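Peer 1: here is a sequence with its predicted model. Questions after.
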Amino acid sequence: SQQGEEDPQALSIQEGENATMNCSYKTSINNLQWYRQNSGRGLVHLILIRSNEREKHSGRLRVTLDTSKKSSSLLITASRAADTASYFCATEGLNNNDMRFGAGTRLTVKP
Amino acid sequence: ETGVTQTPRHLVMGMTNKKSLKCEQHLGHNAMYWYKQSAKKPLELMFVYSLEERVENNSVPSRFSPECPNSSHLFLHLHTLQPEDSALYLCASSQDRWGAETQYFGPGTRLLVL
């Protein structure tokens, strides 16, 4: 299966702590994206990282990609209660133009 | 607001009913998607339309019937659904149908089949 698998399934931290979520996938990809979803709402795009990139930053977000391990991580620094949401990775395979999503990590940030 | 709207936001229907979900995007995008999201499962891609033509149907049961009358509108017609079809149905659009494109999602329709 091409779709990413997020780990852990659920993560609970205190406000101000860092949150790290991981995504693993099985076959080679062109790029990987991270999305966020508030409860019962649509997904919102956070960041895209291409297969030839190793790290990208956007505000408090840091994404890494290790194509040799077929894995990516999303780091949220100095977390806030408003970061509480589910986070999904989505991958585009080499022979597939469409993205495949994982089941997500449910992040809870306690005030 | 992502520029993608969906109606209704909530829908309860019996197994013999016929209903339709509507999606509209105001972004000038060429590709539109239907996804099904069930609890604790990966997002399932159901249908993809590119320039108003269906380009992918991921083995979705025929009780789900999509329609894309123009590049801004996408419908999902529902008939004789099963309780296991209860889920959040998400519509998305992107500039073109390429994996590197950012997809913009609507808020979803929460469907309950009784």
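Peer 2: In hand now; what should we look at?

Peer 1: what does chain A have sitting close to chain B?
Peer 2: Within chain A, the residues that sit near chain B (Cβ under 8 Å from any Cβ of the partner chain) are A:3, A:9, A:30-31, A:33, A:35, A:40-45, A:48, A:50, A:88, A:91-93, A:96-104. C-beta coordinates here come from the backbone N, C-alpha and C atoms, glycine included.

Peer 1: just the ones in strands from those, please.
Peer 2: A:30-31, A:33, A:35, A:43-45, A:48, A:50, A:88, A:91-93, A:99-101 (DSSP state E).

Peer 1: re the thing from before, filter the residues of chain A next to chain B down to the buried ones and hand me the PyMOL line.
Peer 2: Only the buried entries of these go into this PyMOL selection, using 16 or more other Cβ atoms under 10 Å in any protein chain shown:
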select buried, chain A and resi 3+30+31+33+35+41+42+43+45+48+88+91+92+93+97+98+99+100+101+102+103+104
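
Peer 1: quick one: low-confidence ranges for chain B?
Peer 2: B:1, B:99 (pLDDT under 70).

Peer 1: report the central residue of it.
Peer 2: Per Cα atoms, centre = their mean, the C-alpha nearest to the average position across chain B is that of B:Trp34, at 2.9 Å.

Peer 1: tell me the contacts of residue 92?
Peer 2: No chain in the question, so chain A it is. Contacts for A:Glu92 (Cβ atoms under 8 Å, 6 or more residues apart in numbering or on different chains) come out as A:Ile29, A:Asn30, A:Asn31, A:Leu32, A:Asp98, A:Met99, A:Arg100, B:Trp98, B:Gly99, B:Ala100.

Peer 1: should've been chain B
Peer 2: Counting by Cβ under 8 Å, 6+ apart, B:Ala92 has contacts A:Gly42, A:Leu43, B:Val4, B:Met32, B:Tyr33, B:Tyr35, B:Gln103, B:Tyr104, B:Phe105, B:Gly106.

Peer 1: next: B:Lys22.
Peer 2: B:Lys22 sits next to B:Gln6, B:Thr7, B:His73, B:Leu74, B:Phe75 when contact means Cβ under 8 Å, 6+ apart.

Peer 1: what's it sitting at in phi/psi?
Peer 2: Main-chain dihedrals, B:Lys22, degrees, to the nearest 10: phi -120, psi 140.

Peer 1: give me the nearest residue to A:Ser71, chain neighbours excluded.
Peer 2: Excluding the flanking residues, the one nearest A:Ser71 by Cβ to Cβ, 6 or more residues apart in numbering or on different chains is A:Ser24, at 4.7 Å.

Peer 1: try B:Leu51
Peer 2: B:Asn30 (5.4 Å).

Peer 1: buried subset of the contacts of B:Lys22?
Peer 2: Judged by 16+ other Cβ under 10 Å, buried ones among the contacts of B:Lys22: B:Gln6, B:Leu74, B:Phe75.

Peer 1: so which of the residues you listed also contact chain A?
Peer 2: For chain A, the contacts drawn from the buried ones among the contacts of B:Lys22 by Cβ under 8 Å from any Cβ are B:Gln6.

Peer 1: same list (the buried ones among the contacts of B:Lys22) but as JSON lines, adding secondary structure.
Peer 2: What follows is the buried ones among the contacts of B:Lys22, written out as JSON lines (DSSP: H, G, I helix; E, B strand; the rest coil):
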{"residue": "B:Gln6", "secondary structure": "strand"}
{"residue": "B:Leu74", "secondary structure": "strand"}
{"residue": "B:Phe75", "secondary structure": "strand"}
